[in-house]
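Asks: Model the following, please.
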Amino acid sequence: SGLIAAVFGSIIGTALISFIGGYWVIKRKQLSKNELFTKNDPVNVQVIYN
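Replies: Residues are numbered from 1 along each chain as shown. Predicted coordinates for the structure are as follows:
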């Protein structure tokens, strides 16, 4: 059962990384099209410049 848990955890981890990576790419594309919004949003400014 430990092996099953390890495989299951690995699949979840990979899916989570893929989801976060895909979400980040989509956000970057949206932000690059909408720079005025980005400059008014300190969270998005931090994401882009860090």
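
Asks: max-length helix in the protein?
Replies: In the chain, assigned by DSSP state H, the helix with the most residues is helix 2-33.

Asks: Could you list every helix and strand in contact with that one?
Replies: Judged by 3 or more CB pairs under 8 Å, 6 or more residues apart in numbering; DSSP states H and E, the packing partners of helix 2-33 are helix 42-49. From N, CA and C alone the C-beta is placed, and that goes for glycine too.

Asks: residue ranges with poor pLDDT in the protein?
Replies: 31-50 (pLDDT under 70).

Asks: ok, now with 50
Replies: For the chain, the stretches with pLDDT under 50 are 50.

Asks: Give me the distance between Q30 and I20.
Replies: 16 Å (CB to CB, to the nearest Å).

Asks: no wait, A6
Replies: For A6, the distance to I20 - CB to CB - is 21 Å.

Asks: do the same with I26
Replies: On the measure of CB to CB, I26 and I20 end up 11 Å apart.

Asks: same thing with L3?
Replies: L3 is 26 Å from I20, by CB to CB.

Asks: For the two, indicate the residue with more neighbours.
Replies: Higher neighbour count among L3 and I20: I20, with 10 against 7, using other CB atoms under 10 Å.

Asks: mind checking how far the more buried one is from S1?
Replies: In terms of CB to CB, I20 sits 28 Å off from S1.

Asks: In contact with A5: list those residues for me.
Replies: Listed by CB atoms under 8 Å, 6 or more residues apart in numbering, the contact set of A5 is empty.

Asks: How about G21?
Replies: Contacts of G21 (CB under 8 Å, 6+ apart): none.
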